[in-house]
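J.: 3D, please:
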Amino acid sequence: MTEPLADRRIPAGDDYLSREELDAITPEGLIERTRALKPLVAERAASAERQRRPDDEVWNALRRSGYFYLYVPRRFGGLEFDPDTYISATLPIAEACPSTGWTACFAAEHNWLIAQLPEATQAEVWGRTPYVIAPSVAAPPGTATPVEGGYRLSGRWKWGTVVMHADWVLLNALEAREGAPPIVRMMLLPADQVRVIDTWHMAGMAATGSNDIVAEDVFVPAGYQFAVQPVRSGRGNGRALYGPGLYGSPMLPNLCVTASIPALGAARQAIALCGERLKNHVKMGSGNASVEKPAAQMRLARADLLARSAERTIRWAAKENLAIGEIDEPEQTTERIRLRAEIAIAVQQCVEAVRTCCEAVGSSVHALDNPMQRLLRDVQVMQSHIVYDLDVATELHGRALVGLPPNSLLL
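T.: Predicted structure coming up:
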C-alpha cells in the first residue's frame, strides 16, 4: 500500500531580502519585526494545528522579516546575531504559537549546521539560497555508503521538523567501518531529492508538520557532509573558519537552547492569558472575581516565578555554551552534560508553569477555542523530546559528579 505524501511547500526562492534591507536590520529591529508578527501567528495558530503544518502566510511573513538570516555568517551575507538576540526574536513567535515557534527556531538554528560544512560548500549553498530552510534529523540514522566522489545515502527518518517548507534537508547517517565504530555523518541534500511521508498526527505540536523523510540511494557529494563527532565539542569547520564563539560552540547545548525557547514562550503566554482570565472571571457560587482569590493569586505568582527562573537559565546557558567551547576534553563533556541537565530542568519549569496556569483558570481552559489548552498540549509533547528526559539528563550529570563516565552517546 502506497503511503500518502505530505503536501509540502518547497520555497520558490523569490522573496529573499536585498543587501540594503539586511544591512538595515539591527538586533533590536529584528526583535521588533517578530513582535509585530505575533498577532498574525496567534490568529493562525488554530488553523495551523488543523492543517498539521505551519501556516503558509505566517511562514512567508517570517521569511520577509529577516528572521531566518539570524545564524547565517556575515561572510556569506547573513546577520550572525548572538544567541540572546536569537532567543528574544523567537519568543514572540513561540508565545503566539509554540508549534510555529518550534519550527521557526529550528529552521533558523540549522544554518549553524551549514557553517560546519567545508567553506566551498557554504559558498555554494548560501549562494543558491541566502539562508537554508532544512530539517536536521538524527533518528533513526540512515546508511552512508562511500562511493567515488561522495556517498550513497538511504534511510527513513522520523521527527522531520521544518520539512514542510524546506529547500534542503540535513540527515544523519552511519558510515560503517570494519573493525571500528561507525562514523556519524550529517548529510545535506536538496529537498526535492527526498520523499516526505504524511505521518504527523499528534495530540500536541501538530502544527510543526514533523513528518517522516525518505531517501533512496541518493548521491551526496563528499563536500556536502561532515563528521558529527568534532562538531559536538565545537571543533568542526565552524571553528576553523570563524574562530571561537558562535560557530565554534558545542553542538548539543545549542540544540537544547533552541528546543527550550518554545516551551518558555508557551509559559509566558499562559501566564498572560491566565492573568487576563482572573481579572474578568467571576467564580461560580461566590459572586467574587477570581482575581480576588488568594489561591489564584498564588498560582499565577508561582507560574510567573517558574517562567522567570527558566528564562534566566536558558539565556545564561546560551552564553555559557560560547565559553565552554574553549574548554578541552574531558572537562568539556562534563560541562555539556551539566548544561543539558540545567536546560532540561528549565523546560520542566515551563511545563509546570503552563499546568499551574491551567489549574488556576478552571474547566474553561479545555474548550477547543481556548488557546490555553493548545499551549498545554504543545508543552506536554515538547517535554518528551529526548534532550529533556529529566531522568537521563540528571543521571548523566550525577555520574559526572562522582567521576563515572557518561552512559549515553547524546552528548
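J.: From here on, just use CA atoms for contacts and neighbour counts.
T.: Fine.
J.: so who does the most centrally placed residue in the chain touch?
T.: Centroid check for the chain by C-alpha atoms, centre = their mean gives residue 106 as the closest residue, at 3.5 Å. Residue 106 makes contact with 135, 161-162, 258-259, according to C-alpha atoms under 8 Å, 6 or more residues apart in numbering.
J.: would a markdown table of those residues with secondary structure be doable?
T.: As requested, the contacts of residue 106 are arranged in a markdown table below (DSSP: H, G, I helix; E, B strand; the rest coil):
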| residue | secondary structure |
| --- | --- |
| 135 | coil |
| 161 | coil |
| 162 | coil |
| 258 | helix |
| 259 | helix |
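J.: low pLDDT regions in this structure?
T.: 1, 281-289 (pLDDT under 70).
J.: can you list the domain ranges for it.
T.: 19-128, 136-226, 249-401 (automatic domain parsing).
J.: Same list, those domains, but as JSON lines with distance to residue 408 please.
T.: Listed next are the domains of the chain as JSON lines, based on distance: least, C-alpha to C-alpha, whole Å:
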{"stretch": "domain 19-128", "distance to residue 408": "22"}
{"stretch": "domain 136-226", "distance to residue 408": "15"}
{"stretch": "domain 249-401", "distance to residue 408": "8"}
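J.: Tell me which of the ones you listed lies nearest to residue 232.
T.: domain 249-401 (4.7 Å; C-alpha to C-alpha).
J.: Return the residues in contact with the residue lying closest to residue 82 once chain neighbours are set aside.
T.: Sequence neighbours aside, residue 246 is the residue nearest to residue 82 in space, at 7.3 Å (criterion: C-alpha to C-alpha, 6 or more residues apart in numbering). Neighbouring residues of residue 246 by C-alpha under 8 Å, 6+ apart: 82-83, 322.
J.: what does residue 407 give?
T.: Residue 407 touches residue 396, counting by C-alpha under 8 Å, 6+ apart.
J.: my read is it is in a strand, agree?
T.: No - counting by three-state DSSP, residue 407 falls outside a strand, being coil.
J.: Against residue 344, how distant is it?
T.: 18 Å (C-alpha to C-alpha, to the nearest Å).
J.: wait, what's in contact with residue 123?
T.: residue 76.
J.: Let me know the helix or strand that it is in.
T.: Residue 123 is located in helix 119-128, with elements delineated by DSSP states H and E.
J.: Now do the buried residues in the very next helix or strand once past that helix.
T.: Using DSSP H and E, the helix or strand that follows helix 119-128 towards the C-terminus is strand 136-147. Buried positions in strand 136-147, judged by neighbour count with 16 or more other C-alpha atoms under 10 Å: 136-138, 141-146.
J.: Show me what strand 136-147 packs onto, helices and strands only.
T.: For strand 136-147, the packing partners by 3 or more C-alpha pairs under 8 Å, 6 or more residues apart in numbering; DSSP states H and E come out as strand 150-157, strand 168-177.
J.: which residues sit against the shortest one?
T.: When contacts are taken as C-alpha under 8 Å, 6+ apart, the neighbours of strand 150-157 outside the stretch itself are 137-146, 171, 173, 212-223.
J.: if you set the cut-off to 10 Å instead, what comes out?
T.: For strand 150-157, contacts defined as C-alpha atoms under 10 Å, 6 or more residues apart in numbering pick out 136-146, 171-175, 187, 189, 194-197, 211-225.
J.: how much does it deviate in direction from strand 168-177?
T.: 110 degrees (axes from the mean of the first three to the mean of the last three C-alpha atoms, to 10 degrees).
J.: May I have strand 150-157 as PDB, with CA atoms only?
T.: What follows is strand 150-157, C-alpha atoms only, in PDB (Å, rounded to 0.1, in the frame of the first residue of the first chain):
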ATOM      1  CA  GLY A 150      30.900  11.100  -2.100                       C
ATOM      2  CA  TYR A 151      28.300   8.800  -0.600                       C
ATOM      3  CA  ARG A 152      25.100   6.900  -1.400                       C
ATOM      4  CA  LEU A 153      22.500   7.800   1.200                       C
ATOM      5  CA  SER A 154      19.400   5.700   2.100                       C
ATOM      6  CA  GLY A 155      17.100   5.700   5.100                       C
ATOM      7  CA  ARG A 156      13.900   6.800   6.700                       C
ATOM      8  CA  TRP A 157      14.000   9.400   9.400                       C
END
